[in-house]
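J.: I would like to see how this sequence folds:
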Amino acid sequence: MKFTKIFASLAIASLVFVSCKKEEDKNLANIKPLETTSKEHKAIPAENVQTASFEIEGMTCAMGCAKTIEKELSNLDGVEKAAVDFDKKTATVTFDKTVQNSESLTKVVQETGDGKTYKVSNFKS
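T.: As a prediction, this is how the structure comes out:
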């Protein structure tokens, strides 16, 4: 009986080592790593720079909500910098006031996700 248990254990261990052999998939060898593209921001003339801060209600997590909103704001034309603080439920955006305005920034935040989740309030510029 003891011999059978040892034999079965060795057989299972051998099967695991053989079946988990790491082989390089020939189809995967030609795949290039994902390249991330970062948007280049044009320099904003000093007289057009404006910074706004506002509260965002409806965020439930730092990575899924706050980072997604931050990315959406950062990708807008005329936005130099966007930062969303999940813990404080706030966003701060530096932008070109000739390209963006409070309504357009609010619209982008509120349309992120399903269009009903995030609400902007206390917009200060």
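J.: residues near residue 53, how many?
T.: 15 (other Cβ atoms under 10 Å). Bear in mind the C-beta positions are built from the backbone N, C-alpha and C, glycine included.
J.: so it touches residue 124, yeah?
T.: Yes - shown here, residue 53 and residue 124 form a contact pair, counting by Cβ atoms under 8 Å, at 5.3 Å.
J.: average pLDDT for the lengthiest strand in the chain?
T.: Secondary structure of the chain per DSSP state E: the longest strand is strand 49-57. Throughout strand 49-57, pLDDT has a mean value of 95.
J.: likewise stretch 107-119?
T.: On average, stretch 107-119 scores 90.
J.: next, residue 103: phi, psi?
T.: Reported as degrees, to the nearest 10, the phi and psi values for residue 103 are phi -70, psi -40.
J.: whoops, residue 45 was the one
T.: Dihedral angles for residue 45 - degrees, to the nearest 10 - are phi -60, psi 140.
J.: can you give me phi and psi for the residue nearest to it when sequence neighbours are not counted?
T.: Using Cβ to Cβ, 6 or more residues apart in numbering and skipping residues adjacent in sequence, the residue nearest residue 45 is residue 96, 7.8 Å away. In terms of degrees, to the nearest 10, the main-chain angles of residue 96 are phi -90, psi 120.
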